[in-house]
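# Okay, sequence plus prediction incoming.
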Amino acid sequence: MAAVIAGMTMSRDGFVADPNGGVARLYSDMDVLTGSETLNAAIEATGAVLMGRKTFQMGDPDSYVGNNEFQVPIFVLTHHPPRTPPKQDGRLTFTVVANGVAAALAQAKFAAGEKAVQLVGGASVIQQLLGEGLVDELHADVMPVLLGGGLRLFEHLDPDRVHLEAIDVQTAGPRTSLTYRVVR
């Protein structure tokens, strides 16, 4: 069965977006990350992606085909589907899911087969799935910047319900990638 991997990049002070919702300072190293061993391994292991509406809308969804690192089925959790479906091809497809995170995850796991489901972006989606015990691994990439405020990834989690075990640490340029197994 597909492993569920949640991952986000955060500032050293724990924010995944600044007070205005900006993320540019967290991804200033994309030239180093693109083509890295870490990213290539994640791409190879991924069979489907689950993301929230805000992450989906951050860029131009029509540009995902051929450009997004994950050319796999993408499941978008939202109650507000786009009026016009974004471009898709034989590898990258979009499915809008409006009936909750558990339903979206079930569809993504089915599509992923034996490969992993990556939760990319969407602090709320990751918080909900961590809170429900539906995440197998947590990947937290830390950038050496301070945002001083904004959106925190771990804001609404019960610390007594989520237990982590460190399993890997890697660096790529300025980024430190921390990998944890979620202990059940």
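Received, thanks. Numbers count the residues shown, from 1 in each chain.

# Please make it C-alpha for all contacts and neighbour counts, starting now.
Noted.

# in the helix of greatest length in the chain, what counts as buried?
If you go by DSSP state H, the chain has its longest helix at helix 101-112. Judged by neighbour count using 16 or more other Cα atoms under 10 Å, the buried positions of helix 101-112 are 101, 104-105, 107-109, 111-112.

# and that helix, average pLDDT?
For helix 101-112, the mean pLDDT works out to 95.

# how far away is the most centrally placed residue in the chain from T9?
Most central in the chain under Cα atoms, centre = their mean is V120, positioned 1.5 Å from the mean C-alpha point. For V120, the distance to T9 (Cα to Cα, to the nearest Å) stands at 10 Å.

# Can you list the buried residues in the lowest-mean-pLDDT helix or strand in the chain?
Using mean pLDDT, DSSP states H and E, helix 30-33 stands out as the lowest-scoring helix or strand of the chain, at a mean of 74. In terms of neighbour count (16+ other Cα under 10 Å), helix 30-33 has its buried residues at L33.

# what packs against that helix?
On a contact count with 3 or more Cα pairs under 8 Å, 6 or more residues apart in numbering; DSSP states H and E, helix 30-33 meets no helix or strand.

# angle of the very next helix or strand once past that helix against helix 101-112?
Using DSSP states H and E, the helix or strand that directly follows helix 30-33 along the chain is helix 37-45. On the basis of axes from the mean of the first three to the mean of the last three Cα atoms, to 10 degrees, helix 37-45 is oriented at 80 degrees to helix 101-112.

# How far does the helix or strand following helix 37-45 sit from its chain's centre?
Next in sequence after helix 37-45, counting helices and strands by DSSP H and E, comes strand 46-52. Distance of strand 46-52 from the chain centroid (Cα atoms, centre = their mean, to the nearest Å) equals 7 Å.

# what residues does strand 46-52 touch?
70, 72-78, 104-105, 108-109, 111-122, 124-125 (Cα atoms under 8 Å, 6 or more residues apart in numbering).

# so the residue nearest to the centre of the chain bridges to which residues?
In this entry, V120 is beta-bridged to G7, by DSSP bridges.

# Hmm, it is touching V4, no?
No - contact criterion Cα atoms under 8 Å: V120 and V4 do not qualify, at 10.9 Å.

# one step back: the contacts of strand 46-52, buried ones only, as a PyMOL selection?
Written as a PyMOL command, the selection of buried residues from the contacts of strand 46-52, which uses 16+ other Cα under 10 Å, is:
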select buried, resi 70+72+73+74+75+76+77+78+104+105+108+109+111+112+115+116+117+118+119+120+121+122+124+125
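
# still on that earlier bit, which one of the buried residues of helix 101-112 is nearest to G35?
Using Cα to Cα, A112 comes nearest to G35 of the buried residues of helix 101-112, at 22.4 Å.

# how about stretch 73-83 as CSV, C-alpha atoms only?
C-alpha atoms of stretch 73-83 as CSV (Å, rounded to 0.1, in the frame of the first residue of the first chain):
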residue,chain,number,x,y,z
PRO,A,73,-2.1,12.3,-10.9
ILE,A,74,-2.7,15.3,-8.7
PHE,A,75,-5.6,15.5,-6.3
VAL,A,76,-6.7,19.0,-5.2
LEU,A,77,-8.7,19.3,-2.0
THR,A,78,-11.2,22.2,-2.4
HIS,A,79,-14.8,23.2,-2.1
HIS,A,80,-14.3,25.6,-5.0
PRO,A,81,-13.3,23.8,-8.2
PRO,A,82,-11.8,25.8,-11.0
ARG,A,83,-14.3,26.9,-13.6
